[in-house]
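S.K.: 3D, please:
(one chain, ligands or ions: 2)
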Amino acid sequence: MIETQGLTKRFGDLTAVNSVTLGVGEGEVFGLLGPNGAGKTTTMRMLSCLVSKSEGMATVGGYDIGRASDAEKIRGLIGVLPESAGLYEDLSARKNVEYYGKIHGVAQNRRDANIERLLKRLGLWDQRDTAVGSFSKGTKQKVAIARALVHDPKVVFLDEPTANLDPESSKTIRDVILELKRDGRTVFFNTHNLDEAQRVCDRVGIIKGRLLAVDSPARLGNLERHRRTAFQLERLDGDTVAAVKRARGGGVEARGDTLYVDVEDPLRDNPEIVQVLTKAGGRVVYVTDLSSGLEAAYLRLVGESR
Ligand SMILES: Nc1ncnc2c1ncn2[C@@H]1O[C@H](COP(=O)(O)OP(=O)(O)OP(=O)(O)O)[C@@H](O)[C@H]1O
Ligand SMILES: [Mg+2]
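M.R.: Ligands and ions are numbered 1, 2, ... in the order given. Got it, this is the predicted structure:
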């Protein structure tokens with residue numbers, strides 16, 4: 001659904017996006033991760049025909065972003081949540097969304113139904129007739145998300161969709177993303193929230209000008225060696241700690257009733273550590289994986305590219 005080949009954007013001397021080659025399939029949820037200034041927004045803006053490319057090529061739904069006649073087709077195919085919401089402050093939530101529906105030529109019946117469904121889904125229905133200028137940042141963001149979806153786009157671009165949202169609203173947006181996927185739509189989004197990426201993305205790309213890696217969050221995480229597990233006991237005493245230290249050699253730290261252990265292979269090491277703990281008379285209450293594998297992968301890749 002989205003294909004890029006050596007896609008590049010320069011601003012003067014600065015190469016913001018450097019030869020990105022990438023494919024996102026129909027119905028896939030793809031997350032683009034990377035530090036501030038890594039080129040995430042610029043990539044999304046090129047793919048949604050808001051800014052021209054400098055080099056390379058890209059297609060969305062088979063249409064070429066570099067051809068003016070195709071760009072029109074792409075605009076009809078996609079829904080975009082830009083980095084800053086850019087709503088009409090004097091208009092109500094409903095009117096803002098309706099306006100975009102009209103621009104996209106959505107027939108009135110379907111438009112009204114979609115507006116109602118989206119505003120309800122995003123918890124905005126009670127405020128539908130209030131001017132968005134009086135809304136909080138997060139509420140405006142939700143209006144902008146409704147606006148991006150009003151014409152049932154095949155491809156959805158979301159630039160940091162949960163950036164300003166409270167935990168409950170963030171959860172709603174994650175659920176909406178998964179519902180879009182269930183409908184067979186393609187979702188491409190930028191985020192700094194690795195946990196969120198891990199929860200909803202089929203694959204993620206890590207970018208810093210260049211694309212450093214593309215894979216499923218699980219596979220990226222599994223490549224990482226340094227992981228940590230917390231073992232919380234009913235009561236942790238010195239003898240139990242000593243037993244684990246003997247068994248492990250190093251990388252063991254006790255705090256309160258919890259033992260933090262560096263593990264190389266959780267599938268192999270965690271059960272062994274539980275056994276050592278149990279044998280030493282400890283009763284294990286919780287075993288928790290502390291190292292987000294994806295976070296470790298991200299930090300390593302971004303660090304190495306420095
Ligand atoms: N219109 C522009 N003119 C000049 N430079 C720009 C322009 N837009 C972006 N840049 C530069 O391109 C680089 C990439 O910016 P971009 O906004 O794509 O990063 P990002 O990954 O989205 O960052 P963030 O996580 O902070 O949103 C930055 O160095 C930025 O300053
Ligand atoms: Mg950005």
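
S.K.: Please count neighbours and contacts with C-alpha atoms only from this point.
M.R.: Fine.

S.K.: can you list the residues of the protein near ligand 1?
M.R.: Remark: the part of the chain in contact with ligand 1 comprises 11, 16, 35-42, using C-alpha under 6 Å from any ligand atom.

S.K.: Quick check: of those, which lies closest to residue 247?
M.R.: residue 35 (39.0 Å; C-alpha to C-alpha).

S.K.: before we move on, the earlier item: for the residues of the chain next to ligand 1, which entry has the maximal number of neighbours?
M.R.: Within the residues of the chain next to ligand 1, most neighbours by other C-alpha atoms under 10 Å means residue 40, with 26 neighbours.

S.K.: Could you list which residues are in contact with that residue?
M.R.: By C-alpha atoms under 8 Å, 6 or more residues apart in numbering, the contact set of residue 40 is 32-34, 190, 207.

S.K.: Can you tell me what sits against stretch 224-238?
M.R.: Taking C-alpha under 8 Å, 6+ apart as the rule, stretch 224-238 contacts 256-266, 270, 274, 282-293, 296-297.

S.K.: In helices, which of those fall?
M.R.: Those of these mapping onto helices are 266, 270, 274, 293, 296-297, per DSSP state H.

S.K.: Farthest-apart pair in the residues you listed, please.
M.R.: Those two in these that are separated most widely, counting by C-alpha to C-alpha, are 274 and 297, at 26.5 Å.

S.K.: Of the two, which one has the most company?
M.R.: residue 297 (22 against 17).

S.K.: wait, isn't the more buried one in contact with residue 220?
M.R.: Yes. Assessed by C-alpha atoms under 8 Å, residue 297 is found in contact with residue 220 at 6.2 Å.

S.K.: Residue 191 contacts residue 32, correct?
M.R.: Yes. Counting by C-alpha under 8 Å, residue 32 is a contact partner of residue 191 at 6.5 Å.

S.K.: Tell me which of these two has more neighbours.
M.R.: residue 32 (25 against 21).

S.K.: How far does stretch 34-42 sit from its chain's centre?
M.R.: A distance of 13 Å separates the centroid of the chain from that of stretch 34-42, by C-alpha atoms, centre = their mean, to the nearest Å.

S.K.: Correction: the previous question concerned stretch 118-136.
M.R.: On C-alpha atoms, centre = their mean, the centre of stretch 118-136 falls 24 Å from the chain's centre.

S.K.: That stretch: end-to-end distance?
M.R.: 18 Å (C-alpha to C-alpha, to the nearest Å).

S.K.: Report the buried residues of it.
M.R.: Neighbour counts over stretch 118-136 (16 or more other C-alpha atoms under 10 Å) mark 118-119, 122-125, 127-128, 130-132, 135 as buried.
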